[in-house]
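K.L.:
Please work out how this folds:
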Amino acid sequence: MSEEETKPAEVTEAAAAPEEESTATFEPVVKLEEVETQSGEEDEEVVYSQRSKLFVYGETMLDKGTGKKTWIERGIGNMRVLKHKEHKKLRLLMRQEKTMKVICNHVIDPRIKLEPHVQSDRAWIWVAFDFSDGGELVETIFCIKFGDSEIANKYKETFEDCQSKMKDMLAAETAETTDAEADAAADETAEKLAELTTKE
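P.N.:
I've put the predicted structure just below:
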């Protein structure tokens, strides 16, 4: 019986002994310097932002070359309308939530037609020249789906408002370009007239 009495005492002494703290220090094998990254959005301000799901109409990897197209989910994230601080142009930009990969990036062109999705009152379809891959402009059919129809209608209002602003801006640029071209043509004509001489 004395053995049984001593066992609990040994266990309590072991439990009461403080754990030793490790004083080892580990130095990293490779030291990395902090690098400043740029997203390309530094000169822009957010006009509109709403969480949504984006789809594109195209061929899947398995259907390449067959002509069989379907709606493919591109990702979930915030669809944002960005306005450039300097030249005031507007564009749509959407990044995937976790990876921050650009999945939609195009200028809000006044010629884009926002069409309702046939099967849902929460979705809109449009065609635009997308630059999300960063390589070249690709004509893409998009479909964006929101949480409810109220949010979808607000998106349409914002999109159409931005289109009218871009239309006015492009008209003003065209007028300036036309005036500049007319001035240049007048100057060129004046120079040619000055070079002309009459023969007697």
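
K.L.:
At which residues are the strands of the chain located?
P.N.:
Secondary structure of the chain (DSSP state E): strands at 44-58, 70-84, 90-95, 102-107, 115-116, 123-130, 138-145.

K.L.:
Give the pairing partners of the fifth one; include direction for each.
P.N.:
Here strand 115-116 is paired, per DSSP bridges, with strand 123-130 (antiparallel).

K.L.:
model confidence over the partner strand, on average?
P.N.:
In this model, strand 123-130 has a mean pLDDT of 93.

K.L.:
can you pull the buried residues of it?
P.N.:
Of the residues in strand 123-130, 123-126, 128, 130 count as buried by neighbour count, 16 or more other C-beta atoms under 10 Å. For every residue, glycine as well, the C-beta is placed using N, CA and C.

K.L.:
possible to save those residues as a markdown table with distance to residue 98?
P.N.:
Shown next, in a markdown table, are the buried residues of strand 123-130 (distance: C-beta to C-beta, whole Å):
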| residue | distance to residue 98 |
| --- | --- |
| 123 | 23 |
| 124 | 24 |
| 125 | 26 |
| 126 | 25 |
| 128 | 25 |
| 130 | 21 |
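
K.L.:
which one of those is nearest residue 23?
P.N.:
Residue 23 has its nearest neighbour among the buried residues of strand 123-130 in residue 130, at 56.7 Å by C-beta to C-beta.

K.L.:
any idea how far residue 168 is from that closest one?
P.N.:
From residue 130 over to residue 168 the distance is 24 Å, taken as C-beta to C-beta, to the nearest Å.

K.L.:
Can you tell me which of the strands of the chain is packed in deepest?
P.N.:
Burial of those is given as mean neighbour count (mean count of other C-beta atoms under 10 Å); strand 90-95 ranks first at a mean of 22.

K.L.:
Who are the packing partners of it?
P.N.:
On a contact count with 3 or more C-beta pairs under 8 Å, 6 or more residues apart in numbering; DSSP states H and E, strand 90-95 meets strand 44-58, strand 70-84, strand 102-107, helix 149-195.

K.L.:
Let me see the mean pLDDT of that strand.
P.N.:
93.

K.L.:
now that strand against strand 102-107, angle please.
P.N.:
180 degrees (axes from the mean of the first three to the mean of the last three C-alpha atoms, to 10 degrees).

K.L.:
As PDB, could you dump the C-alpha coordinates of strand 90-95?
P.N.:
Only the C-alpha atoms of strand 90-95 are listed here, as PDB (Å, rounded to 0.1, in the frame of the first residue of the first chain):
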ATOM      1  CA  LEU A  90     -14.600  55.200 -66.400                       C
ATOM      2  CA  ARG A  91     -13.900  51.500 -66.400                       C
ATOM      3  CA  LEU A  92     -15.300  48.300 -65.000                       C
ATOM      4  CA  LEU A  93     -12.900  46.200 -62.900                       C
ATOM      5  CA  MET A  94     -13.600  43.000 -61.000                       C
ATOM      6  CA  ARG A  95     -11.100  40.900 -59.100                       C
END
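
K.L.:
So what are the sheet partners of that strand and their directions?
P.N.:
Strand pairing for strand 90-95, using DSSP bridges, gives strand 70-84 (antiparallel), strand 102-107 (antiparallel).
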